[in-house]
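J.: based on what follows, work out the 3D shape:
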Amino acid sequence: MKQIYAFENKLEYEKNEEVISRFNEHLVKYQMILEKEYGLVDYPKGIVWTSAENATTIFSSLPIPAFTNKDLIYISPDLDGWKKLFISQLEGKKLPHIKSFYETLSENHVLTIVGHELTHHSDLFLDEFGEGREESIWFEEGMCEYLPRKYLLTDHEFTEICNVEKELVDVFFSEYGKRSIDSFGSASYSESLSSIMFDYWRSFLYIKYLIEERFNHDIKQVFEEYQNWHQEGRIIPLSKYFDLERIKL
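T.: Numbering: from 1, shown residues only. Okay, here's the model as predicted:
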């Protein structure tokens, strides 16, 4: 993949140069895993490394400075900016231990965000970029959270983020928990940051449950069931197919 730098000045590029280099070393290894195990055949043409401001005001209007399309991944590598964003999703709720977690976040967690965007390019996902994706976006988003976290975080970091996002689902459940996970889609981005992230937290935790409990750590079997749902004609929502209604996250 080509490396494209879209910073406004040389100083801003130099500030991020070392972390981008470290990220790329790990991404090469993760890309090989995706190619070997998870259907990555046609990967993006490049990664556009840019500032959070450019990512959210020039390249898109999304509130999160990381996204992908058919050809390119756009991402801010600025760890401090990501820390502020994650703290802002708490929306002033008194959660000092979670705030502290985000204040001391390691750059590995930003690396998993780049990994998330790369994982979207796997051919194991059923819907193409630009299609109106319905009823299964939570599966793709959750898997794109789970795989890079499992491969790129330490065991301790993985356990920590699982616990944090489980608690955040509990905290925000009264506000957003009544809506179906199958409704996760582009409309969510017109809502608050916590509302957007709530569906990502839930999707990740559902995928974690399916992989680690329902299918005994067999990721490929989870994908096979997802493919079966599609081949059978998507007769029922994917969450119902996996019987997630009975799961208490």
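J.: please count neighbours and contacts with C-alpha atoms only from this point.
T.: Will do.
J.: the most centrally placed residue in the chain: which element?
T.: Nearest residue to the geometric centre of the chain (Cα atoms, centre = their mean): residue 145, 3.9 Å. Using DSSP states H and E, residue 145 falls within helix 137-152.
J.: what's the angle from the longest helix along the chain to helix 137-152?
T.: The longest helix of the chain (DSSP state H) is helix 10-37. Orientation of helix 10-37 against helix 137-152 (axes from the mean of the first three to the mean of the last three Cα atoms, to 10 degrees) gives an angle of 100 degrees.
J.: helices or strands next to helix 10-37 in the packing?
T.: Applying 3 or more Cα pairs under 8 Å, 6 or more residues apart in numbering; DSSP states H and E, one finds that helix 10-37 contacts helix 107-119, helix 137-152.
J.: JSON lines for those, including mean pLDDT?
T.: Below are the helices and strands packed on helix 10-37 laid out as JSON lines (pLDDT from 0 to 100):
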{"stretch": "helix 107-119", "mean pLDDT": "98"}
{"stretch": "helix 137-152", "mean pLDDT": "97"}
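J.: among those, which is nearest residue 200?
T.: Among the helices and strands packed on helix 10-37, helix 137-152 comes nearest to residue 200, with 6.6 Å by Cα to Cα.
J.: list the helices and strands that closest one packs on?
T.: In terms of contacts (3+ Cα pairs under 8 Å, 6+ apart), helix 137-152 is packed against helix 10-37, helix 107-119, helix 193-209.
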